[in-house]
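K.L.:
Coordinates for the following, if possible.
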Amino acid sequence: MAVKIINQQNFKWIDLFNASKEEMQEIAEKCNLNFYNLADSLEPNHLPKFETENGVNFLILRVVHKGEKKDTNIESLSNKIAIFFNESLIITIHRIEMPFIDEIVTKCLNKEETISTNMVIIKILKCVLQTYNDSILHIINRLESYENKLFLKSPNSRVLQNIYSLKRKTNLCTKLLILSDEVINSVKPTKQEKAAHQDAKDLYLKLTTLYEQVMDDLNNLLNLYISLSSQKTNEIMKTLTIFSIFFMPLTFIAGIYGMNFHFMPELDYKWGYPIIIFIMFIITLIIYYWLKRKKWL
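P.N.:
Numbers count the residues shown, from 1 in each chain. Below is the predicted model:
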C-alpha cells in the first residue's frame, strides 16, 4: 500500500493507493467512516454514487481507461475511485495510479492561497470527466477511420466487430456518465466555488451530448454496413439471375434435343443443327435487348 498524506491549513488529504482491507479498516476506525460505504469502496465494479453519513460525504467515480481493451465491460473499461470528504478531511481510495491527483496537488495545493475540500472535489470531478472526453475523442477518430473503410474499401467482418466494440464502449461510458450526474449535482459549492462547479457541469453536458451523437453515428454506421453487405449480396444474386435467364431457354432446347428418342423428326434433317444454333443465338439476343431495356444490364 502507498499512503500519501497532504496537510493543508484547513484540511488533511489522505490518498490510499492499492490498500488492503485491513489497512483501510484501520483508517476507517480512526476517521469514523461508515462501514457500508467502506465496503462499497472495496468493491471494484461499483457504479458512481453519492451518500452522506455522520457528517462525511462519500462518493464513487469511474475513471475511463485510455486506449482499447479486448473485453468491453465496466471493469475493463474503467477504474473506481472512492472519496470520503468533509470540511476538514479528504480520503481518496483507488487501485491504480491516478496521475491527476498529483497534478491537483502540484497546481493547487502547493500554492499559498487557501483552497477548500469542496474545491478539491470539484477539480477531481473535472479530471475524471476529462478521461471521458479523451475517450470520446479516441472513439470519434476510430469512427471516422471505419467510415473511410466502409466507403473506400471493401469492408470485412473484422470492421463490423470493431464497430460493435466501439458501440458497447460508448454505451457503457454513456451509462456511467448518467450515473455520475447525481454525484456532480450533489456537490454543494460556495459562492467562490460556483464558477468551477459550473465548468464541471458544462463539461458534463458537453460529454453527454457528444456521447449521444456518437452513439447515433455508430448505430447509423452499423446499419450502413448491413445495407452495404445486403447490397453486395443483391448484386451477386442479380448477376446469377441474369446468367440463369440467358441459359434457361438454351438449356430447355438442349434438353429436348438431348432426349435421344429414335423417332424425332428433326434428327434426320440436314440443316437441323445450324438452325437450332441460330435460334439459340436469336433467343440470346432477344433476352439481351430485353434486359437492356429494363436497365438490368
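
K.L.:
Only C-alpha atoms from now on, for both contacts and neighbour counts.
P.N.:
Will do.

K.L.:
How are the strands of the stretch 51-200 of the chain distributed by residue range?
P.N.:
Counting by DSSP state E, counting those that start in this stretch, the stretch 51-200 of the chain has strands at residues 56-64, 78-85, 89-94.

K.L.:
For residue 136, which of those is the nearest?
P.N.:
Closest approach to residue 136 among these (Cα to Cα): strand 56-64, 10.1 Å.

K.L.:
In a markdown table: the strands of the stretch 51-200 of the chain, plus distance to residue 275 and mean neighbour count.
P.N.:
Formatted as a markdown table, the strands of the stretch 51-200 of the chain follow (distance: least, Cα to Cα, whole Å; neighbours: other Cα atoms under 10 Å):
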| stretch | distance to residue 275 | mean neighbour count |
| --- | --- | --- |
| strand 56-64 | 78 | 23 |
| strand 78-85 | 78 | 24 |
| strand 89-94 | 89 | 20 |
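
K.L.:
Make CSV from these and add distance to residue 186 and mean pLDDT to it.
P.N.:
As requested, these are exported to CSV (distance: least, Cα to Cα, whole Å; pLDDT from 0 to 100):
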stretch, distance to residue 186, mean pLDDT
strand 56-64, 9, 92
strand 78-85, 13, 91
strand 89-94, 16, 90
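
K.L.:
Now render the ones you listed as CSV, adding distance to residue 199.
P.N.:
As requested, the strands of the stretch 51-200 of the chain are exported to CSV (distance: least, Cα to Cα, whole Å):
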stretch, distance to residue 199
strand 56-64, 18
strand 78-85, 21
strand 89-94, 22
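
K.L.:
so which of the ones you listed comes closest to residue 207?
P.N.:
Among the strands of the stretch 51-200 of the chain, strand 56-64 sits nearest to residue 207 (Cα to Cα), with 13.0 Å.

K.L.:
and that closest one, how far from the chain's centre?
P.N.:
22 Å (Cα atoms, centre = their mean, to the nearest Å).

K.L.:
Direction included, what does that strand pair against?
P.N.:
Sheet partners assigned to strand 56-64 using DSSP bridges are listed as strand 49-53 (antiparallel), strand 78-85 (antiparallel).

K.L.:
what's the last one in contact with?
P.N.:
Strand 78-85 has contacts (Cα atoms under 8 Å, 6 or more residues apart in numbering) with 41, 44-46, 56-65, 90-96, 117.

K.L.:
on that earlier part again, now distance to residue 255 too, for the strands paired with strand 56-64, in CSV please.
P.N.:
Putting the strands paired with strand 56-64 into CSV (distance: least, Cα to Cα, whole Å) gives the following:
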stretch, distance to residue 255
strand 49-53, 77
strand 78-85, 69
